[in-house]
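**Student:** below are the sequence and a predicted model; questions follow.
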Amino acid sequence: MSASTTETNDVRESILANGQRIMAGKGFSAVGINEILTASGVPKGSFYHYFGSKDAFGEALLESYFEDYLADLDATLSAPGLNMAQRLMGYWQNWQEMQSSLDCQGKCLTVKLGAEVADLSETMRLALKRGTAGIIDRLARAIEAGVVEGSLSVDDTPDAAAQSLYHLWLGASVMVKVARNTQPFEMAMRTTRQILHLPY
């Protein structure tokens, strides 16, 4: 890889990282391209050298976000020395901690951008759909493994349980932002334990 290619990739990654940080706080529509470029130390007017449009940037942003998210989820669900029930509950606990930060405004782009961009951009909606499907698939496989090893059980199929749990936590994250307290997460944690037949 040439030095110029490496530099181009570094600048692109910087734009994506700063865009993710800013949009996690403000949303997609409220953030201008120049704000992201300024934060990235990139000259104004060079945005279209790296991305064809703001929608293309949004799609790349979500793809980058989910790539990192899924890598972290894979690490959590394969943590040594724990059974699968413990790994899953660790995932939900980490979710609660991340989304309870910043005065309960959180850092999850799915929560922040989901409803907004699904109506604005088909490419971004599809990126969200692919990313969330990857999360649910991993959760379903983890639940299935937990059933096999005997650390948890579910009344429905692992896939249905995974979908129910992911939807539960997304909804709880929205309500935490509205209420500005963590009670919705406490209820979500209780319901999660019920679905997985784990003791309180």
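**Tutor:** All right, it came through fine.

**Student:** residue 159: which element?
**Tutor:** Per DSSP states H and E, residue 159 falls inside helix 158-179.

**Student:** in that helix, what counts as buried?
**Tutor:** For helix 158-179, the neighbour count (16 or more other C-beta atoms under 10 Å) marks 158, 161-166, 168-170, 172-177 as buried. (Glycine included, C-beta is placed from N, CA and C.)

**Student:** for stretch 192-200, same thing?
**Tutor:** Buried, per 16+ other C-beta under 10 Å, within stretch 192-200: 192-193, 195-196, 198.

**Student:** avg pLDDT for that stretch?
**Tutor:** Averaging pLDDT along stretch 192-200 yields 96.

**Student:** quick one: end-to-end distance for it.
**Tutor:** Stretch 192-200 has its terminal residues 10 Å apart, counting by C-alpha to C-alpha, to the nearest Å.

**Student:** so after the worst-scoring helix or strand of the chain on mean pLDDT, what's the next helix or strand?
**Tutor:** Using mean pLDDT, DSSP states H and E, helix 101-104 stands out as the lowest-scoring helix or strand of the chain, at a mean of 53. Downstream of helix 101-104, the first helix or strand assigned by DSSP H and E is helix 109-118.

**Student:** show me what that following helix packs onto, helices and strands only.
**Tutor:** helix 3-26, helix 54-76, helix 122-149, helix 158-179 (3 or more C-beta pairs under 8 Å, 6 or more residues apart in numbering; DSSP states H and E).

**Student:** buried residues in that helix, which are they?
**Tutor:** Buried residues in helix 109-118, defined by neighbour count with 16+ other C-beta under 10 Å: 109-114, 117.

**Student:** can you pick out the most distant pair from those residues?
**Tutor:** Greatest spatial distance among the buried residues of helix 109-118 (C-beta to C-beta): 111 and 117, at 12.1 Å.

**Student:** quick one on the thing from earlier: of the buried residues of stretch 192-200, which is the nearest to residue 22?
**Tutor:** Checking these one by one against residue 22 (C-beta to C-beta), the nearest turns out to be residue 192, at 31.3 Å.

**Student:** let me know the angle separating the strand or helix carrying the closest one from helix 122-149.
**Tutor:** Residue 192 is part of helix 183-195 when elements are defined by DSSP H and E. Interaxial angle, helix 183-195 versus helix 122-149 (axes from the mean of the first three to the mean of the last three C-alpha atoms, to 10 degrees): 40 degrees.
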